[in-house]
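*Asks:* No letters, just coordinates:
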């Protein structure tokens, strides 16, 4: 059996990029500290959830390393897909970072060989699209954990497909 | 021949690789410059490759025939045959790569002089052997000599040699590769063996390696690697290949990678024999890849690939279901990691290593992990010594390592030794494990991967916990926990917190342990049982009696409320949250209890911060909304909602997330014209957002459970208390009664719930919850019951007493000081109403004395309203206290109404001040009541010749209808001579609102009237609605004064038609004859007043007359005004003739004729001693405004100029004579209202009739 795990983490940088007041920009400074709390996290199956959470959390190290490795000037042209973050004995961890520094992480069981780079890449793209839809929802408060059914179903569909 | 070659060999071997050749390759691969190096071997037929043998390493690429034969005979005799034989052998083996070298030397030539020219031998050879390939025969001349010729021939030869060698190599290599591919394509065939193929492709790799083409060599290995991986994957997918069977054999040796040898022949042989295990193959492959990568100066790729390899091997073994002794793989991985690291350390310097931590740290971590799992497996991570079972397992594992490799026998730090040592004893294991862990952690820290570092720290903590060393574990756990909490990862938080709890329990950090337990008990990630367990831990502690001795044991333990319960909302009742002192204010607190079981809370108390607010009465109504509405979710109806943390975050996590921005629109308008100067958005909770983050770790965010000591509850402060509550899991509602003892504002500061010895404390409550208690001064107001209070009749006024903080006791009374103008009427049915929630009514007793009216009040509690009604009467002052008389007569004198008059209705008002002594104050309260006089009276005097009438007009200006009765007019100082005859018929009549009643009296007198008459009009009135008409009638009095009543002059006008005509006609001049007749002798008093002049014994009075026709009916022709001197004698008559012209036809009223007293200026009698009877000047002519007859004014001027030559100019600067009107009634105008018929001029009229 293969396992695919999906996970998205938030950072809230640049959420207030439209600020017009000096006071806000001071706030922006404060908010720009990456917080890296999970916006959405889902795993199938659930028995190893804790280990999986640890893996995802640790992978943020690499995500941050990769983001900072790309120079500031290059940030605009940066490829969103970060590729394989690092392998572990059990999982392969892939990363993706949106321009607003929201991080997506997909963790795939190492024994799953059917998912190649391209598939992962398209999964991320789908996730990103769906996430954008969530953000467009005026009732969604940016920074809250995602509870959108549409998003959830897309993630579920992807995980069923992948496993 | 051999000796010839040996003589040349050295220089040949040296010079061949000296220059590089361009190597063009097939399949579009990029050309490369390579140096050729050749191994020269004496030709033997056995060495020629058999058909199909493609051993590339030993393959003869080029066959060279060396000869120094220079004479034809010899050539023909032996050399040629020899060559032929050689050639045929080559052909037999299909080799076409050969070369014939003819070495020439001067020495030989010299010896044999008669030989054929040297070219001929070469030619012959060429002719015989190289039929089309002339380049296959090369001449090397004098190779052993240092001459330019020899140099040239050497270089030509070498170039040729290289070209041919490379050509042959390329050709053979291509053929080899083709064969290899063919072999690979056969891999689906049953007999195909990966190992055989491996050997073939590896040979290619070797060749490339020999050619220094490491890249290409690596490619060969990578291809093999990929091929093998694919097979394993296919196997996993159910497509197994037979040959894979050998790799599925149980792993017997796990000695780890061996990277110190360029080629591990041992393993290679195993592969060659098809006996290699998967680990052997992988190890061998990797060792080759590693060697090549290090040649390529890519050590960091080695580490990366190593990690992949190790992960991959573990996976593959799992996939192939190969039996491995438990722990064996760990050993293998551990050894391999260290081996790779050693290898890398061997080829890099320290600085390089430190700069590339990120590449090696993965291996370090992996090794650490594996060592740890080995340690757990072999019972080395425990407080006790390993069991025999553990020891057996250890022995088995060590056996699988085999002997130490000879390369590392002498090294002290070899992986093999390390593993052996680590598994030998608990202490050694700890040493090695800690060493590795710390190394990995340091590296992670160095490259900023803090999360990874903490993860290792956490596993170290687990290790310490197993070792029974919680002191050392605590730090690591705390560190991890903090970071998880900070980043909001709930599962990790829960897990780590559980470990933390265990650790704190061991350390006997009671308070911290309880705090952690509280957090865990409310943690939704845990199972019900676990939560209950932790909850029970708290309850157990709480019910324990405090430790009897020891200063450090606190009797109570304060824990954060956040773990225990979340505040949801607070609701004030009444919702305004502003009450008066002593009023009931209830506060409903909704709390979500996070505990899994119902909690018995002995006391839930909220401390209050009391601040004495200045001007307590101010904070009412409006400000109450503002205050409770301060919070972000504050609502107007007294509800304060508390922001909720994310539900996922669990207890104590919500506070960590930064609060949401509270933005408000701000508009700045200029004060003058309220135009917008600037607009913006203001963040209201900036102080929360901008505070330093690290300093905010307060009671709300208990991470490790360390609470600041300053949470002691101040018992002295006022508090809201609720006792003995049971908090059910989930939402609870608790009702507090707020203290309202003192006026001021109360802010809720701390919330503290006590459960036995445990107190749950919330150090501050945000958003701010506060309420206000105000104290109110007692207040008395008196207001009319109706819109306006009417003077003259009894009116009801309402007394309202807001008791405020004063409680009206029995016997308290209001003392109203009486005034004459406003007595207070006692009515029997007086009762007071106490307004509160319940209406209470009680009788009111009123006692009146000479000066005060005392109203005793019923006892009333504070903050109630007492109401009662009282009837008062305001007497109408007899005279209008101001001469607000409006003389309607001719509208000549008009006094402006004073401010007393009511603006719209013209009612006259009376401000009546009431002075009241209240029991609560030593000062008197002055309250002004405004009464309105319901009537307005006007009088006028009417004349008919000498007869006089007085008319009084009484206007009802109020909104009430009245009955008016008994109007009487009297003289105030009665004179016998005068009599007032009433002409009024009705005794009583109604006066409706806004209507008037007229009363008339005729004056009769015998003696001459005094100059001034004082009259008083009085009547009774009562509202129509009044029930008892007799008592209700109240007097109304109006006093007035009449001056100069008697008629002095009568004025008679006559209009005479032009002579010869019976009627006046329009446009025709008529005569106007005005006769002024003196009616009476002036009385003495009047005479003084009248300006008279004595001229020649005859007293005359000057009068000025004026004809004014305001209705433009008449045109006065000639002069319209003039001054006449009237003799002061009865019946003296003066006639004035004037000409007027009617402008319209019909019955025209007579023009007005006015008469004034003409008073020459007294100060200048000398200048004008003789005033002409016909004096006119401009000021007088100004009175003629009504007449716009140009001719008339012109005539005035002309007359003026005739009659007063030179005086007209003079008089301008002089004081003017005065004109003074007569009092009403002094002049009687006979012709008032007369009309005269004016006929139209017939031919003047053109009637236009339009018929349509």
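*Replies:* Now that the structure is in, tell me what you want to look at. These numbers come from a predicted model, not from an experiment.

*Asks:* where along chain A do the helices fall?
*Replies:* Per DSSP state H, chain A carries helices over the ranges A:22-31, A:49-69, A:117-136, A:149-162.

*Asks:* Those: which one's closest to residue B:605?
*Replies:* Among those, the nearest to residue B:605 by CB to CB is helix A:22-31 (35.2 Å). C-beta coordinates here come from the backbone N, C-alpha and C atoms, glycine included.

*Asks:* Which strands or helices does the helix or strand residue B:126 falls within pack on?
*Replies:* Using DSSP states H and E, residue B:126 maps to helix B:118-128. With contacts taken as 3 or more CB pairs under 8 Å, 6 or more residues apart in numbering or on different chains; DSSP states H and E, helix B:118-128 sits against helix B:72-74, helix B:80-92, strand B:98-104, strand B:137-141.

*Asks:* pLDDT averaged over the shortest one, what's the number?
*Replies:* Across helix B:72-74, pLDDT averages out at 73.

*Asks:* measure residue B:813 to residue B:848 for me?
*Replies:* Separation of residue B:813 from residue B:848 (CB to CB, to the nearest Å) stands at 12 Å.

*Asks:* Settle it for me: which of those two has more neighbours?
*Replies:* Ranked by neighbour count (other CB atoms under 10 Å in any protein chain shown), residue B:813 and residue B:848 place residue B:813 first, with 19 against 15.

*Asks:* deepest of the helices of chain A, which one?
*Replies:* Mean neighbour count, computed with mean count of other CB atoms under 10 Å in any protein chain shown, is highest for helix A:49-69 among these, reaching a mean of 20.

*Asks:* just checking, what packs against that helix?
*Replies:* Against helix A:49-69 (3+ CB pairs under 8 Å, 6+ apart) you get strand A:4-10, strand A:37-44, strand A:81-87, strand A:91-97, strand A:103-109, helix B:450-466, helix B:490-507.

*Asks:* Just want the most central residue of chain A.
*Replies:* A centroid search over chain A (CA atoms, centre = their mean) returns residue A:104, at 1.2 Å, as the residue closest to the centre.

*Asks:* Touching, that one and residue A:93? I think so.
*Replies:* No. At 11.2 Å, residue A:104 and residue A:93 do not qualify as touching, with contact defined as CB atoms under 8 Å.

*Asks:* Residue A:86 - how many residues pack around it?
*Replies:* 19.

*Asks:* what about stretch A:148-156, average pLDDT?
*Replies:* Here stretch A:148-156 scores 86 as its mean pLDDT.

*Asks:* Flag the shaky bits of the stretch 451-600 of chain B, pLDDT-wise.
*Replies:* For the stretch 451-600 of chain B, the stretches flagged by pLDDT under 70 are B:546-554.

*Asks:* So which residues on it come close to chain A?
*Replies:* Neighbours of chain A within the stretch 451-600 of chain B, by CB under 8 Å from any CB of the partner chain: B:451, B:452, B:455, B:484, B:486, B:487, B:488, B:489, B:491, B:492, B:495.

*Asks:* Check whether the first one really touches residue A:56, as I assumed.
*Replies:* Okay, so that is residue B:451. No. Taking contacts as CB under 8 Å, residue B:451 lies outside contact range of residue A:56: 10.1 Å.

*Asks:* Show me which positions of stretch B:732-750 end up buried.
*Replies:* For stretch B:732-750, a neighbour-count test (16 or more other CB atoms under 10 Å in any protein chain shown) marks B:732, B:734, B:736, B:738-740, B:743-750 as buried.

*Asks:* And stretch B:282-298, by the same measure?
*Replies:* In stretch B:282-298, counting by 16+ other CB under 10 Å, buried: B:282-294.

*Asks:* likewise stretch B:443-458?
*Replies:* The neighbour-count check on stretch B:443-458 (16+ other CB under 10 Å) flags B:443-445, B:447, B:449-458 as buried.

*Asks:* of all the residues you listed, which comes closest to chain A?
*Replies:* Taking CB to the nearest CB as the measure, chain A sits nearest to residue B:449 out of the buried residues of stretch B:443-458, at 3.7 Å.

*Asks:* contacting residues around the closest one?
*Replies:* Neighbouring residues of residue B:449 by CB atoms under 8 Å, 6 or more residues apart in numbering or on different chains: A:58, A:61, A:62, A:65, B:358, B:361.

*Asks:* Same list, those residues, but as a markdown table with pLDDT and distance to residue A:79 please.
*Replies:* Shown next, in a markdown table, are the contacts of residue B:449 (pLDDT from 0 to 100; distance: CB to CB, whole Å):
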| residue | pLDDT | distance to residue A:79 |
| --- | --- | --- |
| A:58 | 86 | 22 |
| A:61 | 85 | 19 |
| A:62 | 85 | 15 |
| A:65 | 83 | 15 |
| B:358 | 83 | 20 |
| B:361 | 89 | 25 |
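
*Asks:* of all these, which two lie farthest apart?
*Replies:* The distance between the two most remote of the contacts of residue B:449 (CB to CB) is 14.0 Å, for A:58 and B:358.

*Asks:* Look at residue 81 and say how many residues are nearby.
*Replies:* Defaulting to chain A. Neighbour count of residue A:81, defined by other CB under 10 Å: 17.

*Asks:* ah, no, chain B please
*Replies:* Neighbours of residue B:81 under the rule other CB under 10 Å: 11.

*Asks:* one step back: what about the helices of chain A, which gets the closest to residue B:1128?
*Replies:* Closest approach to residue B:1128 among the helices of chain A (CB to CB): helix A:22-31, 96.6 Å.

*Asks:* Could you pull up the mean pLDDT of the closest one?
*Replies:* Here the average pLDDT along helix A:22-31 is 23.

*Asks:* Over to stretch B:1236-1252?
*Replies:* Mean per-residue pLDDT for stretch B:1236-1252: 68.

*Asks:* Give me the contact list for stretch B:127-147.
*Replies:* B:7-8, B:11, B:80, B:83, B:87, B:98-106, B:122, B:125-126, B:149-150, B:153-154, B:156-157, B:160-161, B:164.

*Asks:* With distance to residue B:1109 as extra columns, can I get the helices of chain A in a markdown table?
*Replies:* Shown next, in a markdown table, are the helices of chain A (distance: least, CB to CB, whole Å):
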| stretch | distance to residue B:1109 |
| --- | --- |
| helix A:22-31 | 82 |
| helix A:49-69 | 106 |
| helix A:117-136 | 89 |
| helix A:149-162 | 97 |
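
*Asks:* what about the residue in chain A that chain B sits nearest to, how many residues close to it?
*Replies:* Residue nearest to chain B within chain A: residue A:37 (3.1 Å; CB to the nearest CB). By other CB under 10 Å, 23 other residues sit near residue A:37.

*Asks:* Just give the nearest non-adjacent residue to it, would you?
*Replies:* Among residues not flanking residue A:37 along the chain, residue B:488 sits closest, at 3.1 Å (CB to CB, 6 or more residues apart in numbering or on different chains).

*Asks:* Just read off the phi/psi values of the one you found.
*Replies:* When read as degrees, to the nearest 10, the backbone of residue B:488 gives phi 70, psi 40.

*Asks:* Quick check: it touching residue A:39?
*Replies:* No. The criterion here is CB under 8 Å, and residue B:488 misses it with residue A:39 at 9.7 Å.

*Asks:* What is the end-to-end distance of stretch B:557-574?
*Replies:* One end of stretch B:557-574 to the other measures 36 Å (CA to CA, to the nearest Å).

*Asks:* now that stretch: how far from the chain's centre is it?
*Replies:* Relative to the centre of its chain, stretch B:557-574 is centred 25 Å away, using CA atoms, centre = their mean, to the nearest Å.
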